[in-house]
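Colleague: Sharing a model that was predicted from the sequence below.
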Amino acid sequence: MISNTKKIKNKLAKRYAKEKRFQIYGLGAIVISIAFLLSLLINISTTGFPAFQQTYINIDVDIDSKLLNLDGKYSEQALFSANYRKVINQSLKTLFPGVEDRRQKRALRQLISKSARYQLRDFVMNNPDTINTKQSLWFLARDDVDVFMKGSIDRSLPESDRRLKNFQLVWIDKLLTENRLEKRFNINFFTQGDSREPEQAGIKGAMIGSLLTMLVTVLLSFPIGVSAAIYLEEFAPKNNRWVDIIEININNLAAVPSIVFGLLGLAVFIGFFGVPRSIPLIGGLVLTLMTLPTIIISSRAALKAVPPSIREAALGLGASRVQTTFHHVVPAAMPGILTGTIIGMAQALGETAPLLMIGMVAFIADVPQGITDPSTVLPVQIYLWSDSPERAFTERTSAAIMVLLGFLIVMNLLATIMRRKFEKKR
């Protein structure tokens, strides 16, 4: 008797020990996952936050009508086509006299962004009375100066190992001494489209392209996916061979690599129907194909979760099958349907491979105005910037990732809020 009691106690002790080890393993897995996630987020944040600031250079610009080649003509067309580059170059020479070497002259012109002449043009066209006066204006600094100001270029390195030469560092020191260099919030990052010049590049075009593509996707995938789920779950005949084949194919499509949908869009929408490449319409059509299986499966699961008593009560009170489905079952399943739809949209928002196949990898500088205008999307923009060699594009890549993560967080919060709202109505 005593030996049996000891055996039972030993077995219980071993069982409790196994349970404790399992809990420790599970807790360890969670801690490791959180540690990796935090490491990723910290790395992205520390690299991306500098992109939200931009360096500006102050220059005293002598807006001389002779340098502008106006010849006494101050019409809008004359002001638009005037030689603003020459004015800026002359102002830089005045600021740094004694620069005679050809290589140094070129480097001097590269202190400020190429957009300076367009900024000066807009200023003069808006203020024509400033012609033949001297104005103190702030211009975007070139990417190398900006990166140096953010501490990403070590001036203690040998001159051959850094992008800025010694004479350029002397110029920067002079600008700092005269308070002609300052960092400001980089509003251009959110208000400009893509550019070959890092200091001018922004995500507005990619953001608008993503929103238009998601608009097409949700307008097509939500009604089609939910309608298909309602038919398969509520109206389709049971134990039917064709229905079984459709269900199997839907489940299989959910596991198909996303690039396959890109190939399908390339062959069908572009090759057969002739839809133009690189527009939100074709992107939305391809992402609709990719998102439909997710929406159908999640919507069917939400419909299945509705208690049978709701259907039985409605039918017992004389409601038709259609009335029971659309007045009682679908409203009860709507929280799950919306959650699945938003999760599918979040997955589509982060997709790159299928969009590369339909040409949305093209360099698009203009901001799209509609679903038929050439555009790109945020994931593709991130892909393009990550392949650029300039250091300034590295920080903009991380900043764009932060914006994309922000979109995904907002979409998940929206799913949670909508779910709770519909659950309260029930």
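Modeller: Structure received.
Colleague: where along the stretch 201-350 of the chain do the helices fall?
Modeller: 204-230, 241-253, 258-265, 280-304, 308-316, 321-324, 330-349 (DSSP state H, counting those that start in this stretch).
Colleague: most packed of these?
Modeller: Of all these, helix 280-304 has the most neighbours on average by mean count of other C-beta atoms under 10 Å, namely a mean of 24. Yep, even glycine has a C-beta here, placed from its N, CA and C like the rest.
Colleague: same for that one, what does it pack against?
Modeller: Secondary-structure packing of helix 280-304 (3 or more C-beta pairs under 8 Å, 6 or more residues apart in numbering; DSSP states H and E): helix 204-230, helix 241-253, helix 258-265, helix 330-349, helix 353-357.
Colleague: picking up where we left off before, how about the helices of the stretch 201-350 of the chain, which one is nearest V377?
Modeller: V377 sits nearest to helix 204-230 of all the helices of the stretch 201-350 of the chain, at 4.4 Å, using C-beta to C-beta.
Colleague: same for that closest one, what does it pack against?
Modeller: Going by 3+ C-beta pairs under 8 Å, 6+ apart, helix 204-230 lies up against helix 188-191, helix 280-304, helix 330-349, helix 378-386, helix 391-425.
Colleague: avg pLDDT for it?
Modeller: Mean pLDDT, helix 204-230: 92.
Colleague: Run the chain-centre distance for it.
Modeller: Taking C-alpha atoms, centre = their mean, to the nearest Å, one finds the center of helix 204-230 at 16 Å from the center of the full chain.
Colleague: what's the answer for stretch 156-167, then?
Modeller: Chain-centre distance of stretch 156-167: 34 Å, with C-alpha atoms, centre = their mean.
Colleague: Could I have the CA atoms of that stretch written out in PDB?
Modeller: The C-alpha trace of stretch 156-167 is given here as PDB (Å, rounded to 0.1, in the frame of the first residue of the first chain):
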ATOM      1  CA  SER A 156      38.000  61.300 -38.500                       C
ATOM      2  CA  LEU A 157      38.300  58.700 -41.300                       C
ATOM      3  CA  PRO A 158      40.900  59.100 -44.000                       C
ATOM      4  CA  GLU A 159      39.700  61.400 -46.800                       C
ATOM      5  CA  SER A 160      39.700  58.500 -49.300                       C
ATOM      6  CA  ASP A 161      37.200  56.500 -47.100                       C
ATOM      7  CA  ARG A 162      34.500  59.100 -46.900                       C
ATOM      8  CA  ARG A 163      32.200  60.900 -49.300                       C
ATOM      9  CA  LEU A 164      33.100  64.400 -48.200                       C
ATOM     10  CA  LYS A 165      36.500  65.800 -48.900                       C
ATOM     11  CA  ASN A 166      38.500  67.900 -46.500                       C
ATOM     12  CA  PHE A 167      37.800  71.200 -48.300                       C
END
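Colleague: Now tell me what touches that stretch from outside.
Modeller: Stretch 156-167 has contacts (C-beta atoms under 8 Å, 6 or more residues apart in numbering) with Q104, A107, D144, V145, V147, F148, I153, D154, R155, I172, R391.
Colleague: so of the residues you listed, which ones are in helices?
Modeller: Q104, A107, D144, V145, V147, F148, I172, R391 (DSSP state H).
Colleague: re earlier: who wins for most neighbours among the contacts of stretch 156-167?
Modeller: Highest neighbour count within those, by other C-beta atoms under 10 Å: V145, with 26 neighbours.
Colleague: Closest to the centroid, which residue in this structure?
Modeller: In the chain, the residue lying closest to the centroid (C-alpha atoms, centre = their mean) is L378, at 3.2 Å.
Colleague: what about the chain, any weak spots by pLDDT?
Modeller: 1-3, 422-426 (pLDDT under 70).
Colleague: Which segments of the chain make up each domain?
Modeller: 2-49, 53-197, 204-425 (automatic domain parsing).
Colleague: Please identify the deepest-packed of those.
Modeller: Burial of the domains of the chain is given as mean neighbour count (mean count of other C-beta under 10 Å); domain 204-425 ranks first at a mean of 18.
Colleague: sorry, back to before: can I get the helices of the stretch 201-350 of the chain in a markdown table with distance to L176?
Modeller: Compiled in a markdown table, the helices of the stretch 201-350 of the chain are given as follows (distance: least, C-beta to C-beta, whole Å):
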| stretch | distance to L176 |
| --- | --- |
| helix 204-230 | 31 |
| helix 241-253 | 59 |
| helix 258-265 | 49 |
| helix 280-304 | 45 |
| helix 308-316 | 72 |
| helix 321-324 | 74 |
| helix 330-349 | 42 |
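Colleague: Can you check which of those helices gets nearest to L181?
Modeller: Closest among the helices of the stretch 201-350 of the chain, using C-beta to C-beta: helix 204-230, at 26.2 Å.
Colleague: Next, the angle helix 241-253 makes with the closest one.
Modeller: 150 degrees (axes from the mean of the first three to the mean of the last three C-alpha atoms, to 10 degrees).
Colleague: now the angle from helix 204-230 to helix 280-304?
Modeller: Using the same axes, to 10 degrees, helix 204-230 lies at 40 degrees relative to helix 280-304.
Colleague: quick one, helix 204-230 and helix 330-349 angle?
Modeller: 140 degrees.
Colleague: what's the angle between helix 204-230 and helix 378-386?
Modeller: With the same axes, to 10 degrees defining the directions, helix 204-230 sits at 140 degrees from helix 378-386.
Colleague: Would you mind measuring from the closest residue in space to N89 that isn't next to it in sequence to T94?
Modeller: Excluding its sequence neighbours, the residue lying closest to N89 (C-beta to C-beta, 6 or more residues apart in numbering) is R109, at 5.9 Å. Distance of R109 to T94, computed by C-beta to C-beta, to the nearest Å: 13 Å.
Colleague: Kindly report the same for G28.
Modeller: From G28 across to T94, the span is 66 Å (C-beta to C-beta).
Colleague: and G262, what does it touch?
Modeller: V286, A353, P354, L355, L356, M357, I358.
Colleague: Please apply the same query to L120.
Modeller: V61, I63, Y84, V87, I88, L137, F139.
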